[in-house]
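J.: Quick one, fold the following:
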Amino acid sequence: MNGKAIKNVMLPGLVSLGLAFVSCSPPQGPAPPAAAPAAQGSAGVAQQGWAADWESTVAGAKKEGGLNIYTVSGPELRVVVSKAIKDKYGFDIEWTAGKAAELPQKIQTERRAGLFLADLIMGSTTRQLTVLRPEGMLEPIKPLLVLPEVLDKTVWAGGDIPWVDNDKQYIINTILGPDRRLAINTDMVRPGQITSFNDLLDPRWKGKITVPNPRMTMKFFSELSIVMGVDWWKKLVANSPVVFDDARLGIEWLARGKYPVMIYNNAQIWYDFVQAGAPIKKEILKEENFLTGGAIPTSFFNRAPHPNAAKVFVNWYLSKEGSTVLTRVIGVQSARLDAPIDHLPADELRQASATYVITEAEDFFLLNARDQDLAEQIFAPVLK
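T.: Coordinates of the predicted model:
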């Protein structure tokens with residue numbers, strides 16, 4: 001249900017961003033068996049090489065007895081992933097959960113004290129790119145990838161492993177689905193009442209829209225700046241939106257009807273509320289053309305205490321099995337072409353005729369960093 005051609009387009013006044021044309025033509029039969037990673041000697045020797053490496057890695061992970069992942073992900077993902085890893089590989093995951101702006105500071109403090117506790121970080125992608133990697137905390141994750149089904153480029157939308165960083169070495173991602181930014185309470189907003197982001201400038205919505213705090217996350221600001229322009233943000237702030245610091249609280253306000261409209265920013269937490277039957281819905285507005293990674297892109301720390309367990313995890317994370325678990329928990333389409341989509345509505349799938357800004361790309365996150373001061377200036381009237 002996905003195509004593979006990627007093309008780059010220069011957007012006026014912005015850094016160059018990767019735009020993906022994604023075809024939804026169904027694959028013609030099953031994909032051919034993946035080739036084994038390159039190795040000296042015959043194909044049989046290469047197969048034995050990766051298989052022996054993998055067997056040794058799994059055995060080493062069991063001896064290490066655990067894995068430490070720092071994450072911005074919610075409790076449901078942590079529970080489901082922990083069970084899947086425990087059942088399949090026999091070791092436990094210890095999660096350290098926190099906000100995107102706080103986790104890197106915690107890691108920095110620990111490492112300065114000589115405590116190298118983290119193996120992987122999942123989420124907080126901007127900080128992975130702008131803090132953890134520049135400060136030399138990350139180890140290339142690419143050498144950890146050994147499973148043929150992971151290295152087979154034909155199974156990935158775009159024709160390659162879904163790298164976030166331009167070097168294609170450090171940060172991987174297995175989710176890539178349409179990113180919707182506007183959500184409504186269906187008991188309070190009529191269908192079709194909001195069809196464009198410009199509709200939010202109507203005085204009828206004054207004081208009734210909630211928006212993430214740009215000090216906590218910048219993705220939403222940069223996305224809408226691309227399609228609507230910075231002046232649109234100034235007009236929206238003049239309409240007195242209510243700023244929230246915590247994504248779960250923002251969605252709870254919407255679900256309970258405290259506010260009818262929300263510019264939302266966390267796919268996984270959203271999915272939790274939808275499954276619980278909350279009267280909330282994401283609106284598809286005419287300006288939207290983004291693909292998101294579900295806030296779980298992952299990288300590997302140097303001096304990791306459990307390197308074998310980390311290697312097992314990242315291969316599972318990119319496998320069909322791991323991608324299936326993650327897309328079902330998060331409710332966003334996988335970047336793998338062979339991962340299921342039956343749990344997703346049609347409007348949550350990549351479309352054949354669309355051209356998308358891929359927000360899980362280093363250039364986009366650099367744009368986030370560039371826009372930080374500007375966003376805080378614009379939001380100053382409504383920030384506490």
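J.: following whichever strand or helix holds I269, which helix or strand comes up?
T.: Assessed by DSSP states H and E, I269 sits inside helix 267-275. For helix 267-275, the following helix or strand on the C-terminal side (DSSP H and E) is strand 280-283.
J.: Domains in the protein, by residue range?
T.: Using automatic domain parsing, the domain parsing of the chain gives 43-177+294-352, 180-287.
J.: Export those domains to JSON lines and append columns for mean neighbour count and mean pLDDT.
T.: Placement of C-beta: from N, CA and C, glycine included. Shown next, in JSON lines, are the domains of the chain (neighbours: other C-beta atoms under 10 Å; pLDDT from 0 to 100):
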{"stretch": "domain 43-177+294-352", "mean neighbour count": "19", "mean pLDDT": "93"}
{"stretch": "domain 180-287", "mean neighbour count": "18", "mean pLDDT": "92"}
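J.: In CSV: those domains, plus distance to Q372.
T.: Listed next are the domains of the chain as CSV, based on distance: least, C-beta to C-beta, whole Å:
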stretch, distance to Q372
domain 43-177+294-352, 9
domain 180-287, 6
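J.: residues touching V242, list them.
T.: 207, 209-211, 253, 259, 382 (C-beta atoms under 8 Å, 6 or more residues apart in numbering).
J.: Surely P260 and K208 touch.
T.: Yes: with contact defined as C-beta atoms under 8 Å, P260 and K208 form a contacting pair (5.5 Å).
J.: Output the helix ranked longest in the chain in PDB, but only the C-alpha positions, please.
T.: Using DSSP state H, we find that the single longest helix of the chain is helix 43-64. Extracted C-alpha coordinates of helix 43-64, given in PDB (Å, rounded to 0.1, in the frame of the first residue of the first chain):
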ATOM      1  CA  ALA A  43      26.000 -16.900   0.000                       C
ATOM      2  CA  GLY A  44      25.800 -19.900   2.400                       C
ATOM      3  CA  VAL A  45      28.800 -18.600   4.400                       C
ATOM      4  CA  ALA A  46      27.200 -15.200   4.500                       C
ATOM      5  CA  GLN A  47      23.900 -16.700   5.800                       C
ATOM      6  CA  GLN A  48      25.800 -18.600   8.400                       C
ATOM      7  CA  GLY A  49      27.700 -15.500   9.300                       C
ATOM      8  CA  TRP A  50      24.700 -13.300  10.200                       C
ATOM      9  CA  ALA A  51      22.800 -16.200  11.800                       C
ATOM     10  CA  ALA A  52      25.800 -17.100  14.000                       C
ATOM     11  CA  ASP A  53      26.200 -13.400  14.900                       C
ATOM     12  CA  TRP A  54      22.500 -13.200  15.800                       C
ATOM     13  CA  GLU A  55      22.500 -16.300  17.900                       C
ATOM     14  CA  SER A  56      25.500 -15.000  19.800                       C
ATOM     15  CA  THR A  57      23.800 -11.600  20.300                       C
ATOM     16  CA  VAL A  58      20.600 -13.100  21.700                       C
ATOM     17  CA  ALA A  59      22.600 -15.300  24.100                       C
ATOM     18  CA  GLY A  60      24.600 -12.300  25.200                       C
ATOM     19  CA  ALA A  61      21.400 -10.300  25.700                       C
ATOM     20  CA  LYS A  62      20.000 -13.000  28.000                       C
ATOM     21  CA  LYS A  63      23.200 -12.900  30.000                       C
ATOM     22  CA  GLU A  64      23.000  -9.100  30.400                       C
END
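J.: Can you name the element that comes right after it?
T.: Downstream of helix 43-64 (by DSSP H and E), the next one is strand 66-71.
J.: quick one: strands adjacent to that following strand?
T.: Looking at strand 66-71 with DSSP bridges, its partner strands are strand 92-97 (parallel), strand 120-122 (parallel).
J.: could you check the angle helix 43-64 makes with that strand?
T.: Between strand 66-71 and helix 43-64, the angle comes out at 90 degrees (axes from the mean of the first three to the mean of the last three C-alpha atoms, to 10 degrees).
J.: Return the distance of the next helix or strand after strand 66-71 from the chain's centre.
T.: Using DSSP H and E, the helix or strand that follows strand 66-71 in sequence is helix 75-89. Distance, stretch centre to chain centre, for helix 75-89: 18 Å (C-alpha atoms, centre = their mean, to the nearest Å).
J.: contacting residues around helix 75-89?
T.: Identification of contacts with helix 75-89 by C-beta under 8 Å, 6+ apart yields 58, 61-62, 67, 71, 91-93, 95, 97, 268, 272, 296, 309, 312-313, 316, 321-322, 325-326, 329-330.
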